[in-house]
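K.L.:
Just a sequence and a predicted model for now, questions to come.
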Amino acid sequence: VQLQASGGGVVQAGGSLRLSCAASGLTFSNYDMGWFRQAPGKERELVAQISRTGNRIYITDSVKGRFAISRDNAKKMVYLQVSSLKPEDTAMYFCLPKWGSAWLENSWGQGTQVTVSS
């Protein structure tokens, strides 16, 4: 499994980005997908999750109303629209597949860095 996240950057508070993750080496439509983030000195946290068909979505409370997750199974892509960014959203963002109740934690990619300046 290979995961390539992109779309991060440096933005001012209040700005927006669209993060993308390209997946390969798996039957993408068979997996739930999640976006995680890890800030310096903090544990990695799940930000958003989307089911295989996209009909069930979870967004963590701290970003609810500001972040949105979507997927395109034909392109094997998952997206995270991040809006109304705050400095505390600064982190490395990663995508990861989930099979049943298990995240494929051997498949972390390099992630994409989001830096929000105040």
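P.N.:
Thanks, I have it. Residues are numbered from 1 along each chain as shown.
K.L.:
List the contacts of stretch 45-62.
P.N.:
The contact list for stretch 45-62 (C-beta atoms under 8 Å, 6 or more residues apart in numbering) reads 29-38, 63, 67-71, 73, 78, 80, 93, 98. No exception for glycine: its C-beta is placed from N, CA and C like everyone else's.
K.L.:
hmm, try it at 6 Å
P.N.:
S29, D32, M33, G34, W35, F36, R37, V63, F67, I69, R71 (C-beta atoms under 6 Å, 6 or more residues apart in numbering).
K.L.:
Identify the residue nearest the fourth one in space, chain neighbours excluded?
P.N.:
By that I understand G34. Spatial nearest neighbour of G34, chain neighbours left out: Q49 (4.3 Å); criterion: C-beta to C-beta, 6 or more residues apart in numbering.
K.L.:
bridging residues for the one you found?
P.N.:
G34, Y58 (DSSP bridges).
K.L.:
returning to that earlier point: between the contacts of stretch 45-62, which is nearest W108?
P.N.:
Set against W108, the nearest of those by C-beta to C-beta is F36 (8.6 Å).
K.L.:
avg pLDDT for the helix or strand where the closest one lies?
P.N.:
Element membership for F36 (DSSP states H and E) is strand 32-38. The average pLDDT within strand 32-38 is 98.
K.L.:
Please shift the residue numbers so they start at 45 in all later answers.
P.N.:
Understood, numbering begins at 45; the last thing we discussed is strand 76-82.
K.L.:
got the contact list for that strand?
P.N.:
So strand 76-82 is contacted by 88, 90-96, 122, 124, 135-142 (C-beta under 6 Å, 6+ apart).
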